[in-house]
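**Q** the sequence and its predicted three-dimensional model are supplied below.
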Amino acid sequence: MRVLAIILISLLALWGCRSGPPESQPQPPDGSLFVELGGLAGISRVVDGLLFRIADDQRIVHHFAEADFERLRIQLIEQLCTESGGPCQYQGDSMAEAHAGMSITESEFQAMLEDLAAAMDEEGIAPATQRRLLTRLRPLGRDIIAH
Ligand code: HEM
């Protein structure tokens, strides 16, 4: 009974990641990256580690002086869940909208990815899995880096 309750709670936590009816969502081609990242719980720990690193990273922290970290945390979790093929659909601002006017440079973008890799290291995520996620995120730079 207790095991059943735990399974039920875990499933509810997964669905808590705002999923719509299946037919309204593009089906992710492969959810294995999401699983390798430790599911929603693993991704949440990685995002927490990333936010701590950003707060300590003199290369980029100035961009976050006015940031709403509560919202950012939720949006990042939702986005990484979506990008890794998990049962979420990112519903935040587009990357172009979210980063408009910030004049983010290529090296600042790179710094953020380094912080993310360090956060994944800390969670014991395998290098191959890290590379898979970073490969999915790199193209977002087109909309994040100022041109
Ligand atoms: C792969 C890299 C990145 C991803 C996936 C990402 C993702 C996001 C997401 C999901 C949001 C929230 C959008 C919303 O509120 O709806 C956001 C906001 C933001 N991002 Fe990024 N971002 C990236 C790179 C960067 C970089 C390199 C910087 C600065 C150096 C940056 C600075 C910010 C700031 C300041 C906000 C607004 C926070 C606020 O006003 O509360 N981001 N980003």
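**A** On my side now, so go ahead.

**Q** count of neighbours near Ala55?
**A** Ala55 has 13 neighbours, counted by other C-beta atoms under 10 Å. Yep, even glycine has a C-beta here, placed from its N, CA and C like the rest.

**Q** show me the contacts for it.
**A** By C-beta atoms under 8 Å, 6 or more residues apart in numbering, Ala55 lies in contact with 61, 64.

**Q** ok, the residue of the chain found nearest the ligand - contacts?
**A** Residue nearest to the ligand within the chain (C-beta to the nearest ligand atom): Gly92, separated by 2.8 Å. For Gly92, the contacting residues are 75, 78-79, 98, by C-beta under 8 Å, 6+ apart.

**Q** phi first, then psi, for it.
**A** phi -80, psi -170 (degrees, to the nearest 10).

**Q** again, but for Ala100
**A** Per degrees, to the nearest 10, the backbone of Ala100 is at phi -60, psi 140.

**Q** just to revisit the earlier point, and the buried ones among the contacts of Gly92, selectable in PyMOL?
**A** To isolate the buried ones among those in PyMOL, judged by 16 or more other C-beta atoms under 10 Å, type:
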select buried, resi 75+78+79
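
**Q** among the contacts of Gly92, which are in reach of the ligand?
**A** 75, 79, 98 (C-beta under 6 Å from any ligand atom).

**Q** for the host helix or strand of the second one, packing partners?
**A** In this structure, Gln79 is located in helix 69-83 according to DSSP states H and E. Contacts of helix 69-83 with other secondary structure elements, assessed using 3 or more C-beta pairs under 8 Å, 6 or more residues apart in numbering; DSSP states H and E, are made with helix 39-55, helix 127-137.

**Q** centre of the chain to it, how far?
**A** 5 Å (C-alpha atoms, centre = their mean, to the nearest Å).

**Q** next helix or strand past it?
**A** helix 95-98.

**Q** export that next one as PDB, just CAs?
**A** Presented in PDB, the C-alpha positions along helix 95-98 are these (Å, rounded to 0.1, in the frame of the first residue of the first chain):
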ATOM      1  CA  MET A  95      14.300  32.600 -25.900                       C
ATOM      2  CA  ALA A  96      14.300  35.600 -28.200                       C
ATOM      3  CA  GLU A  97      11.700  37.400 -26.000                       C
ATOM      4  CA  ALA A  98      13.300  36.300 -22.700                       C
END
